[in-house]
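In: Provided below for reference: sequence and predicted model.
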Amino acid sequence: MSICIEQVRKSFGNFVALDNVNLNIKTGELTALLGPSGSGKTTLLRIIAGLEQADSGIIRFNSEDITGQHVSERGVGFVFQHYALFKHMTVFENVAYGLTVKPKKFRPSKAEIAKKVNNLLELVQLGWTADRYPSQLSGGQRQRIALARALAVEPKMLLLDEPFGALDAKVRAELRRWLRRLHDEIHVTSVFVTHDQEEALEVADRIVVMNKGRIEQEGTPEQVYDNPANPFVYEFLGNVNLFHARVKQGQSSIGQLRVPSPEYTNSEEQDGLAYVRPHEIDVFNLPQPDAIKVKLDLVTIVGPSVRLEVLAESDQQLIHVELPKEQFKQLNLKQGEQAWILPRYSKVFLGEGI
Ligand code: ATP
């Protein structure tokens with residue numbers, strides 16, 4: 001089922017939580033609403049669900065206007081961060097719950113319910129927990145059961161609010177990959193809220209970046225990561241280094257270097273910021289034309305990568321660099337030594353210098 005959000009506004013008192021939001025979500029897509037705390041992600045999810053009413057605007061499911069529809073009519077499944085499973089029910093009973101409380105004429109037979117629940121437990125790879133109680137499961141297992149429970153009633157869409165937020169980093173990472181695989185199998189239109197950019201980049205088909213009740217950018221993970229629309233998206237999606245740039249007539253000057261910036265045609269010189277991610281910087285052990293002379297202040301090995309904190313000799317700017325361990329070894333450089341770096345400048349935004 002596709003979702004269309006048109007001109008949605010929502011205020012709480014004087015506070016505007018959603019400011020004219022427009023968004024289209026295609027059938028079968030896994031979409032992440034990504035943004036800092038308070039950006040309006042949960043409010044938007046709750047409005048899609050029907051748990052909250054927008055002040056104005058329209059919500060359509062498959063082009064049908066469902067703005068005034070009650071949550072129970074919308075056919076959505078939920079998983080929340082703290083999705084309380086019924087403690088006194090077994091895993092099996094929890095997953096079966098939504099089916100057993102259906103009105104009699106829609107309720108499947110006991111045998112059908114059993115078959116369905118067992119299939120769902122297999123789908124979330126927890127068939128062996130059917131007779132256990134929630135207290136006998138780990139946090140990650142509980143969230144998988146919560147998902148099976150949401151899927152039992154065959155929702156037309158699945159809404160997940162920080163589903164892995166309460167879990168530790170390792171379990172989160174496992175569940176992300178697991179959710180991706182599960183979605184590849186069942187293809188139900190899904191929207192999940194997260195403030196974790198890695199989670200969104202790894203799991204989602206599309207990312208909607210939110211800030212202060214507005215959508216800053218929407219696109220595939222590659223689009224928003226490699227081609228951010230503005231500084232907010234650039235900074236929110238990963239570590240960045242900023243360099244002062246002077247922008248004039250389609251060109252940016254960063255130190256001695258000139259890079260094309262065809263989007264800025266103004267003939268007056270303007271201040272700008274050149275954005276460079278840590279892995280977009282080449283490191284050398286000998287001087288290079290246009291390279292910045294630095295001191296390796298800190299060298300940290302993180303699995304197959306090396307992270308460097310380097311200080312520019314000219315102004316002591318701290319610059320973060322990341323490169324493959326093998327590449328770093330070949331340079332034969334050590335902490336405290338001198339090196340030369342050459343940032344691969346690709347994105348310059350107009351704005352005040354640093
Ligand atoms: P978080 O990641 O912290 O949950 P979020 O992006 O999901 O943030 P929302 O929960 O949508 O943000 O909240 C957006 C803003 O609206 C917040 O500043 C919040 O305090 C406010 N807000 C949300 N619900 C209500 C409410 N029922 N009454 C008053 N203010 C609210």
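Out: That came through fine. Numbering: from 1, shown residues only.
In: hey, what's the residue in the stretch 201-350 of the chain that the ligand sits nearest to bridged with?
Out: The nearest approach of the stretch 201-350 of the chain to the ligand comes at Met210, 6.5 Å away (CB to the nearest ligand atom). C-beta here means a position set from N, CA and C on the backbone, and glycine is covered the same way. Counting by DSSP bridges, Met210 is bridged to Ile215.
In: that one and Asp282: what is the separation?
Out: Taking CB to CB, to the nearest Å as the measure, Met210 falls 34 Å from Asp282.
In: what of Arg74?
Out: Counting by CB to CB - Arg74 and Asp282 are separated by 52 Å.
In: which one's more surrounded, those two?
Out: Arg74 (19 against 14; other CB atoms under 10 Å).
In: list the contacts of the more buried one.
Out: 49-50, 61, 66, 156 (CB atoms under 8 Å, 6 or more residues apart in numbering).
In: for it, phi and psi?
Out: Phi and psi for Arg74, reported as degrees, to the nearest 10, are phi -90, psi -10.
In: and the gap between it and Ile66?
Out: 6 Å.
In: so what's the closest residue to Lys295 other than its chain neighbours scoring on pLDDT?
Out: Spatial nearest neighbour of Lys295, excluding adjacent residues (CB to CB, 6 or more residues apart in numbering): Leu311 at 5.0 Å. You'll see Leu311 listed with a pLDDT of 97.
In: circling back: need the residues touching each of Arg74 and Ile66.
Out: Residues touching both Arg74 and Ile66 (CB under 8 Å, 6+ apart) are Gly50.
In: one step back: was I right to think the residue nearest to Lys295 contacts Gln317?
Out: Yes - Leu311 is within contact range of Gln317, at 7.2 Å (criterion: CB atoms under 8 Å).
In: sorry, back to before: of the contacts of Arg74, which belong to strands?
Out: Phe61 (DSSP state E).
In: save the contacts of Arg74 as JSON lines, and put in distance to the ligand too.
Out: Below are the contacts of Arg74 laid out as JSON lines (distance: CB to the nearest ligand atom, whole Å):
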{"residue": "Ala49", "distance to the ligand": "12"}
{"residue": "Gly50", "distance to the ligand": "15"}
{"residue": "Phe61", "distance to the ligand": "21"}
{"residue": "Ile66", "distance to the ligand": "20"}
{"residue": "Lys156", "distance to the ligand": "23"}
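In: make a ChimeraX selection of the buried ones in the contacts of Arg74.
Out: Here is the ChimeraX command that selects only those of the contacts of Arg74 that count as buried (16 or more other CB atoms under 10 Å):
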select :49,50,61,66
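In: may I see the contacts of Arg74 organised as JSON lines, with pLDDT added?
Out: Putting the contacts of Arg74 into JSON lines (pLDDT from 0 to 100) gives the following:
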{"residue": "Ala49", "pLDDT": "93"}
{"residue": "Gly50", "pLDDT": "94"}
{"residue": "Phe61", "pLDDT": "96"}
{"residue": "Ile66", "pLDDT": "95"}
{"residue": "Lys156", "pLDDT": "89"}
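In: who's in contact with stretch 110-121?
Out: The contact list for stretch 110-121, computed with CB under 8 Å, 6+ apart, reads 91-92, 95-96, 99-100, 108, 127, 129-130, 148, 151-152.
In: nearest to the ligand among those?
Out: The closest of these to the ligand turns out to be Leu151 (CB to the nearest ligand atom; 23.4 Å).
In: with adjacent residues omitted, what lies nearest to Val321?
Out: Per CB to CB, 6+ apart, closest to Val321 is Leu308, 4.2 Å.
In: which strand residues bridge that neighbour?
Out: Residues in a beta bridge with Leu308, per DSSP bridges, are Val299, Val321.
In: quick one, grab the pLDDT at it.
Out: 97.
In: got it, and Gly353?
Out: 57.
In: helix or strand for the closest residue to Ser56 other than its chain neighbours, which one?
Out: Counting by CB to CB, 6+ apart, Ser56 lies nearest to Arg9, which is 4.9 Å off, once chain neighbours are set aside. Under the criterion of DSSP states H and E, Arg9 resides in strand 3-12.
In: and the next helix or strand after that strand, which strands flank it?
Out: Per DSSP H and E, the first helix or strand lying C-terminal to strand 3-12 is strand 15-25. The strands that strand 15-25 pairs with in its sheet are strand 3-12 (antiparallel) (by DSSP bridges).
In: in the strand it pairs with, what counts as buried?
Out: So for strand 3-12, counting by 16+ other CB under 10 Å, buried means 3-6, 8, 10.
In: nearest to Ala204, of those?
Out: Proximity of those to Ala204 (CB to CB) peaks at Ile3, which lies at 14.5 Å.
In: can you pull the pLDDT of the closest one?
Out: 96.
In: list the contacts for it?
Out: By CB under 8 Å, 6+ apart, the residues touching Ile3 are 23-25, 48, 59-61, 157, 189, 191.
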